[in-house]
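**Student:** What shape does this take:
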Amino acid sequence: MDLDQLRTFDRIVRDQSFTKAAAYLHITQATASMRIRALEQLLGVTLFQRGRTVTLTDQGMTFLPFARRIIGTAQEGREALRRVERGRIAIASLRSLVSPLITEALLRFQQKYPSVDVVVHEGRQAQIAAMLHERDAEMGILCWPNIDPLIVDLVPLVIMRERVPLVVAPEIAARLPAQFSIEDVLALVPRVISLRWWQAEPETAAALVRLAKTSVELPTGPARRLAIKGEGVGFFVSSAVADDIEAGRLVEIAPPDFEPLHRDTAMVVRSLAALDRDMLADFIAEIALECAKVGVILDNRLATLSNKVA
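**Tutor:** Okay, here's the model as predicted:
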């Protein structure tokens, strides 16, 4: 069984004619017939009922989806090889950081490498670790330090600290007294919004949930909308709500009895050898520029490596 036989089989089914299929495939009708006979002999069945019209037998109908699956897989494989020839980069990031860190960096990168395919996976901490472990991603952006037991040999390139402010809708903030406590806040909102930003939840965030009448755990988008409508209070990473705070849709509050929170994240690779790929190193450098805009850089190994190369 070969792909030419399967393609000929599929084309005859589509055209319901050996003659039309042969013309489409730029082969003779005799060649088309020979391919189908060989395929039928290999399978031990008759695939077509031949006559004034060409129709599939029950065996041919059964075999058709499998033949098309093989053809599709072969086409996907060829396309994957073409992408490798053009160049391909695959990275994985925490969902909350894809937009603030990767969007602008990707635009600049593709101006320099317009023909390179870029794949950006998003997910939670464990999913990012798994992608790195399975080599589905060459670089990952995840919480740091990594405590996932699945993968421990990660090399941090850039470590960023991002503020995690407590935010409410402006109408809620306006009703708070000048000197307010977290109890005053919870008296004005029906629930605490929990987003599980951390690998291990800080005691401050856990305490807020314990004090609340009710709590809800949501993805970032719905959680923001809930807070904007005045239906909840929650800790959000700064990059997720910076635009909302600037536009006045949300207000950061700082109860004196609740300490400020932060989240540390890192760009990581399995080995520094990954930076030997100039394309990947350039993309990482572009993302590092966005890290400096979003948070405070605690460590930047890229700068150290650049100095050593220089």
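
**Student:** At which residues are the strands of the stretch 101-250 of the chain located?
**Tutor:** 117-123, 139-143, 155-164, 166-168, 192-194, 215-217, 233-235 (DSSP state E, counting those that start in this stretch).

**Student:** Same list, the ones you listed, but as CSV with mean pLDDT, distance to residue 103 and mean neighbour count please.
**Tutor:** Placement of C-beta: from N, CA and C, glycine included. What follows is these, written out as CSV (pLDDT from 0 to 100; distance: least, C-beta to C-beta, whole Å; neighbours: other C-beta atoms under 10 Å):
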stretch, mean pLDDT, distance to residue 103, mean neighbour count
strand 117-123, 93, 9, 16
strand 139-143, 95, 13, 25
strand 155-164, 96, 16, 21
strand 166-168, 96, 22, 25
strand 192-194, 93, 25, 23
strand 215-217, 93, 26, 15
strand 233-235, 95, 24, 27
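
**Student:** so which of these comes closest to residue 16?
**Tutor:** Of all these, it is strand 117-123 that lies closest to residue 16, at 37.7 Å by C-beta to C-beta.

**Student:** related to what we said a few turns ago, can I get the strands of the stretch 101-250 of the chain in CSV with distance to residue 178?
**Tutor:** What follows is the strands of the stretch 101-250 of the chain, written out as CSV (distance: least, C-beta to C-beta, whole Å):
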stretch, distance to residue 178
strand 117-123, 41
strand 139-143, 36
strand 155-164, 23
strand 166-168, 16
strand 192-194, 23
strand 215-217, 27
strand 233-235, 18
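
**Student:** Out of these, which gets nearest to residue 8?
**Tutor:** strand 117-123 (31.3 Å).

**Student:** From the chain's centroid, how far away is the closest one?
**Tutor:** When C-alpha coordinates are averaged (C-alpha atoms, centre = their mean, to the nearest Å), strand 117-123 and its chain have centres 5 Å apart.

**Student:** Pairing partners for that strand, with directions?
**Tutor:** Strands flanking strand 117-123 in the sheet, each with its direction: strand 88-94 (parallel) (DSSP bridges).

**Student:** For the strand it pairs with, give the mean pLDDT please.
**Tutor:** Averaged over strand 88-94, pLDDT sits at 93.

**Student:** Give the next helix or strand downstream of that strand.
**Tutor:** Following strand 88-94 in sequence order, the next helix or strand is helix 95-97 (DSSP states H and E).

**Student:** what comes up buried for stretch 3-17?
**Tutor:** Neighbour-count burial for stretch 3-17 flags 5-13, 15, 17 (criterion: 16 or more other C-beta atoms under 10 Å).

**Student:** surely residue 8 meets residue 36?
**Tutor:** Yes. Residue 8 is within contact range of residue 36, at 6.4 Å (criterion: C-beta atoms under 8 Å).

**Student:** could I get stretch 60-75 in PDB with only the CA atoms?
**Tutor:** Coordinates of each C-alpha in stretch 60-75 appear next as PDB, following Å, rounded to 0.1, in the frame of the first residue of the first chain:
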ATOM      1  CA  GLY A  60     -14.800   0.400   0.100                       C
ATOM      2  CA  MET A  61     -17.000   2.600   2.200                       C
ATOM      3  CA  THR A  62     -15.500   1.100   5.400                       C
ATOM      4  CA  PHE A  63     -12.000   1.600   4.200                       C
ATOM      5  CA  LEU A  64     -12.500   5.200   2.900                       C
ATOM      6  CA  PRO A  65     -12.100   7.100   6.200                       C
ATOM      7  CA  PHE A  66      -9.000   5.200   7.000                       C
ATOM      8  CA  ALA A  67      -7.500   6.000   3.600                       C
ATOM      9  CA  ARG A  68      -8.300   9.700   4.000                       C
ATOM     10  CA  ARG A  69      -6.800   9.700   7.500                       C
ATOM     11  CA  ILE A  70      -3.500   8.300   6.200                       C
ATOM     12  CA  ILE A  71      -3.500  10.800   3.300                       C
ATOM     13  CA  GLY A  72      -4.200  13.600   5.800                       C
ATOM     14  CA  THR A  73      -1.400  12.500   8.200                       C
ATOM     15  CA  ALA A  74       1.100  12.400   5.300                       C
ATOM     16  CA  GLN A  75       0.100  15.900   4.200                       C
END
